[in-house]
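Novice: how does the following fold in three dimensions:
(chains A and B)
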Protein chains: 2
Amino acid sequence: MNKGLLFVVSGPSGCGKGTVLAEILKDDRIFYSVSATTRSPRPGEADGVNYHFLTKERFEELIGQDGMLEYAEYCGNYYGTPRKPVEDMLSAGKHVILEIEVQGAMKIMEKCPEAVFIFILPPSLKELRRRLNKRGTETEDVIEKRLGEAAGEIKNACKYDYTLINGELSAAVDDLKAIIRAEELNVKNYPNYIDEVLENA
Amino acid sequence: MNKGLLFVVSGPSGCGKGTVLAEILKDDRIFYSVSATTRSPRPGEADGVNYHFLTKERFEELIGQDGMLEYAEYCGNYYGTPRKPVEDMLSAGKHVILEIEVQGAMKIMEKCPEAVFIFILPPSLKELRRRLNKRGTETEDVIEKRLGEAAGEIKNACKYDYTLINGELSAAVDDLKAIIRAEELNVKNYPNYIDEVLENA
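Specialist: As a prediction, the model looks like this:
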């Protein structure tokens, strides 16, 4: 059984990464890693779906056991990526997708340098502004703040292995599928394919 | 104008790489690099299609000018890859495919480490034997010799970036397309895409 591959996906708010990933996750060889948090569930949020909701004590216990691939504290709550479900799925031969912001991705890069890092870009900051405006849920001030944050995040995209532009959804989904397939064909990930050809003589 | 990418494709005789490449070359963004040789054209061979047929003097002049990306002497004739058409096409933004045997590919790896190296594998040596038998053009002895050579070549596949198995043609063509697309999305090849997103604010 070959191990699966770990894909780390980042992108600014409004780039549409959730929509792209929803399409990719229709493939049942691919597992989405659910984050853990100590904040309380909001109405409609389910444990194990939106987050794994943990107590502070349990979260800190996991940190102490090196049970978090990465974590951060934000507004008094912990957020992080539990190591075990990721490793279990990889061992079962499934690819795992972590959707995570840039700082978390950089921590994963240290712990799992063999992971594949993908940054989803909007076609332009102008288009990102248009999309955030279209949502109609935020004030002009908040949108300007989001755009500033997005520009800061995008500057880190050069640290990733791949960037893909989410202009048209189907093209972005095809691009992500091409990256996943190419990584499956990459000799550094599965050198054993060569021996298998030679052994069957 | 972004430069194109250089793809170097190898694979043993009978792996079907010609058929896979014929499909890929229907894409006019991709240019096939024709080799040069000093041997005489065989009936039906056309200059610039099967080979660039050069005199020994012209070939040696090109070697002296570093005008060959790689070359070898075989049965008293030179065979090689002229540098200029490759560089011209890359500068014009086209991807270039070099179909070349392992030794030549290793020389290209030294001169052009940024190239992408792809090895096309048969599903197994057993299947390769079946395909060579099916051709019916070679004796049992020649087929055994070919299989021995193929095994030797396949052992070098670990030095390539990617391997793909040509079992079913359409799957192999899709795999090669996925590799080409993923390399287009690879940050090391086109880091400028990130700046373009930021500039259009």
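
Novice: wait, doesn't residue A:53 sit right on residue A:35?
Specialist: No: in this structure, residue A:53 is not within contact of residue A:35 by Cβ atoms under 8 Å, at 10.3 Å. In this view, the C-beta of every residue, glycine as well, is placed from N, C-alpha and C.

Novice: state the mean pLDDT of the helix or strand where residue A:147 lies.
Specialist: Assigned by DSSP states H and E, residue A:147 belongs to helix A:140-154. For helix A:140-154, the mean per-residue pLDDT is 92.

Novice: the next helix or strand after that helix close to chain B?
Specialist: Proceeding C-terminally, helix A:140-154 gives way to strand A:162-165 as the next helix or strand, assigned by DSSP H and E. Yes: on the criterion Cβ under 8 Å from any Cβ of the partner chain, strand A:162-165 is in touch with chain B at A:162, A:163, A:164, A:165.

Novice: residue A:201 should be in a helix, yeah?
Specialist: No: assigned with DSSP: H, G, I helix; E, B strand; the rest coil, residue A:201 falls outside any helix and is coil.

Novice: what is the burial count for it?
Specialist: Other residues within reach of residue A:201 by the criterion other Cβ atoms under 10 Å in any protein chain shown amount to 11.

Novice: list the residues that contact it.
Specialist: When contacts are counted by Cβ atoms under 8 Å, 6 or more residues apart in numbering or on different chains, residue A:201 touches B:124, B:125, B:126, B:129, B:147, B:151.

Novice: likewise for residue A:20?
Specialist: A:120, A:166, A:169, A:172, A:173, A:176.

Novice: hmm, residue A:38 is touching residue A:77, no?
Specialist: Yes: under the criterion of Cβ under 8 Å, residue A:38 makes contact with residue A:77 at 4.8 Å.

Novice: the two: which has the busier surroundings?
Specialist: Shown here are residue A:38 and residue A:77; by other Cβ under 10 Å, residue A:38 has more neighbours (20 against 13).

Novice: just the pLDDT for the more buried one.
Specialist: 97.

Novice: and for the closest residue to residue A:193 other than its chain neighbours, the neighbour number?
Specialist: The shortest distance from residue A:193 to any residue other than its chain neighbours is 5.8 Å, reached at residue B:163 (Cβ to Cβ, 6 or more residues apart in numbering or on different chains). Neighbours of residue B:163 under the rule other Cβ under 10 Å: 23.

Novice: what helices and strands are in contact with the helix or strand residue A:134 falls within?
Specialist: Taking DSSP H and E as the definition, one finds residue A:134 inside helix A:125-135. Other helices and strands packing on helix A:125-135, by 3 or more Cβ pairs under 8 Å, 6 or more residues apart in numbering or on different chains; DSSP states H and E, are helix A:140-154.

Novice: tell me if the helix it packs on is near chain B.
Specialist: Yes: Helix A:140-154 lies in contact with chain B when judged by Cβ under 8 Å from any Cβ; the contacting residues are A:147, A:151, A:154.

Novice: go ahead and confirm the last one touches residue B:198.
Specialist: Yes: under the criterion of Cβ under 8 Å, residue A:154 lies in contact with residue B:198, with a separation of 5.8 Å.

Novice: which helix or strand contains the nearest residue to residue A:34 once chain neighbours are set aside?
Specialist: Take residue A:34 and drop its neighbours on the chain: the residue closest to it by Cβ to Cβ, 6+ apart is residue A:52, 5.8 Å away. Element membership of residue A:52, judged by DSSP H and E, is strand A:52-53.

Novice: what of residue A:22?
Specialist: Assigned by DSSP H and E, residue A:22 belongs to helix A:17-24.

Novice: quick one: average pLDDT of that helix?
Specialist: Summarised as a single mean, pLDDT over helix A:17-24 is 95.

Novice: what's the answer for stretch A:158-176, then?
Specialist: In this model, stretch A:158-176 has a mean pLDDT of 97.

Novice: that one: how far from the chain's middle?
Specialist: For stretch A:158-176, the distance from its own C-alpha centre to the chain's C-alpha centre is 13 Å (Cα atoms, centre = their mean, to the nearest Å).

Novice: do stretch A:151-162 as well
Specialist: Distance, centroid of stretch A:151-162 to centroid of chain: 14 Å (Cα atoms, centre = their mean).

Novice: which stretches of chain A form helices?
Specialist: Taking DSSP state H as the test, the helices found in chain A are A:17-24, A:56-64, A:83-91, A:102-111, A:125-135, A:140-154, A:169-185, A:192-199.
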